[in-house]
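> Need the 3D shape of this:
(one chain, ligands or ions: 1)
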Amino acid sequence: MGAVAALAGVFLLPGCLWLDGPQSSFVPEGPVARAQLSLFYLTCWVTLVIFIIVGSVLAYAMIKFRAKTDADLRAEPPPQGHGNFMVEVSLIGASIFSLVIIAIPTLHGIWYTYDVPAEEKASAYEVTATGYQWWFKFDYPSENAQVPDATGKLVSAPLSTGNELVIPAGRPVHVNLRSVDVIHSFWIPKLAGKVDMVPNRANFLWIEADKPGYFWGQCAEFCGESHAVMRFRVIALSPRDFNDWLTSQMAPARRLAEPTAEQLAQPRATLASYKTFTHNEGGYTDRFRFDGSPLEEWRKQQLPEPNEDPVLVSKGRALFVAKTCSSCHTIRGDGALGVQGPELTHVASRTTIAGGLLENDRDELHRWIHNPGDVKPGNKMWVNGYVKNDIKLTPEDEDALVAYLRSLK
Ligand code: CUA
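Take a look at the predicted model:
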């Protein structure tokens, strides 16, 4: 099987740059994706052999028995044969044989990719991925964060993030798949997939990344108008980095010192200027693609912003509640406890926003909160939030909200 895959590797596809994208399943980086790829190659080879045999016989017959003279064209058809026991039996036998060649490894693959192998189960890490129209929520059932409830009492809730699944590298991860609305499909081409997320049904799959890395994922089943832009990322970290990440994520929202009277009294600088975007403009650069060093870029994203303005941040925090953002988003420690939208306690440490569609930088964040409906058609924040509640943001409001959200590392 390895030899077949290797041969296929030489003749068929990878290595060719045009198949080596961030979502290419031809360059697997984990055991599950590798098993799926070798099965794909095996199927290709069996069908290629059949194609060559059938094609050659056809070509041979067409050339050998073609009409060579004018007399051939007018000749009666030769005597017709009906049924040849040996030919029929061998064709049936050959078909069954090639199906068995495909079926045995297919069954093996189904069992293998179904769940973490028994011998590794004890060391497996567990996460829950939930599909929403149109973004992914990731819960960590074994990590309990403390969240103040309406009365200020601390209650424990599993750690939760949006758009980005951070996992330990080199360790199997059992992923529970859930959906709150329609059927989505969970797919990380370089690691594993696809498995449907079905409402009221508990599906799962397992993934493992060979080494630390940054991977692109995508919803793979039509689920409504923004299906095509329902993306996510998987960040695999070394065990130590993963633990550091967990520690920082468990902490409540980062707080800057409250602005002093002197800072408040200072005349405000002119509004920060933001880039304007054309409709449908791509929301990402090559920073987080495979050909750079996306993991290094991810690490940079964890560091606090330079030159944070405590006045704007504090104003943004108040606006987040006043403009009712807090009724859909949770920011632990800042009084926001909504659960309909992504958890935002450490949103600025993520590399993407808007369901993995936009890179999480200042301009893109501004573009997103300025007019979410323009970026991602039909999204709930726009339809059920901005439009229904008639939420209007002035440029000053947007500036403060951007500064606040950027401070949440
Ligand atoms: Cu979710 Cu397509």
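
> Residue 267 - that's part of a strand, no?
No: checked against DSSP: H, G, I helix; E, B strand; the rest coil, residue 267 lies outside a strand; its state is coil.

> tell me the phi and psi of residue 157?
Per-residue torsions, residue 157: phi -140, psi 140 (degrees, to the nearest 10).

> Find the nearest non-adjacent residue to it, please.
Leaving out its chain neighbours, the residue that sits closest to residue 157 by C-beta to C-beta, 6 or more residues apart in numbering is residue 147, at 4.7 Å. The C-beta positions use only the backbone N, C-alpha and C, and glycine is treated the same way.

> beta partners for the one you found?
Assessed by DSSP bridges, residue 147 has beta-bridge partners residue 155.

> Now for it: which residues touch it?
By C-beta atoms under 8 Å, 6 or more residues apart in numbering, the contact list for residue 147 reads 154, 155, 156, 157, 330, 332, 337.

> what packs against the top helix by length along the chain?
Counting by DSSP state H, the longest helix found in the chain is helix 31-64. Secondary-structure packing of helix 31-64 (3 or more C-beta pairs under 8 Å, 6 or more residues apart in numbering; DSSP states H and E): helix 2-11, helix 85-114, strand 192-197, strand 203-207.

> Turn the ones you listed into TSV, columns for distance to the ligand and mean pLDDT.
Output for the helices and strands packed on helix 31-64, formatted as TSV (distance: least, C-beta to the nearest ligand atom, whole Å; pLDDT from 0 to 100):
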stretch	distance to the ligand	mean pLDDT
helix 2-11	30	51
helix 85-114	21	92
strand 192-197	8	92
strand 203-207	14	95
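
> Present the ones you listed as CSV; the columns should include mean neighbour count and distance to residue 166.
Listed next are the helices and strands packed on helix 31-64 as CSV, based on neighbours: other C-beta atoms under 10 Å; distance: least, C-beta to C-beta, whole Å:
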stretch, mean neighbour count, distance to residue 166
helix 2-11, 12, 30
helix 85-114, 12, 22
strand 192-197, 21, 16
strand 203-207, 22, 12
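
> possible to save those as TSV with distance to residue 282?
Formatted as TSV, these follow (distance: least, C-beta to C-beta, whole Å):
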stretch	distance to residue 282
helix 2-11	31
helix 85-114	32
strand 192-197	23
strand 203-207	27
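
> Tell me which of the ones you listed sits nearest to residue 342.
With C-beta to C-beta as the measure, strand 192-197 is the member of those nearest residue 342 (16.2 Å).

> Look at the residue nearest the centre of the chain and give its secondary structure.
The residue lying closest to the centre of the chain (C-alpha atoms, centre = their mean) is residue 217, at 2.1 Å. Under three-state DSSP, residue 217 falls in the strand class.

> show me the contacts for residue 183.
Residue 183 makes contacts with 196, 197, 198, 199, 221, 223, as judged by C-beta under 8 Å, 6+ apart.

> count of neighbours near residue 62?
9 (other C-beta atoms under 10 Å).

> Please identify which of the contacts of residue 147 is nearest to the ligand.
Closest to the ligand out of the contacts of residue 147 is residue 330 (21.9 Å), distances taken as C-beta to the nearest ligand atom.

> pretty sure that closest one is touching residue 340, no?
No: with contact defined as C-beta atoms under 8 Å, residue 330 does not reach residue 340; the gap is 9.8 Å.

> What pLDDT does the model give the residue nearest to residue 157?
Per-residue pLDDT puts residue 147 at 77.

> Ok, the one 4 residues further on next?
Residue 151 is assigned 77 on the pLDDT scale.

> separation between it and residue 292?
47 Å (C-beta to C-beta, to the nearest Å).

> got it, and residue 47?
Going from residue 47 to residue 292 by C-beta to C-beta gives 37 Å.

> Just the residues contacting the helix or strand following the longest helix of the chain, thanks.
Next helix or strand after helix 31-64 toward the C-terminus (DSSP states H and E): helix 70-74. Contacts with helix 70-74, where a contact means C-beta under 8 Å, 6+ apart, come from residue 67.

> 10 Å - rerun?
Helix 70-74 is contacted by residues 65, 66, 67 when judged by C-beta atoms under 10 Å, 6 or more residues apart in numbering.

> can you give me the offset of stretch 352-369 from its chain's centre?
16 Å (C-alpha atoms, centre = their mean, to the nearest Å).

> Can you name the residue of the stretch 251-400 of the chain nearest the ligand?
Here the stretch 251-400 of the chain gets closest to the ligand at one residue, residue 355, 8.9 Å apart by C-beta to the nearest ligand atom.
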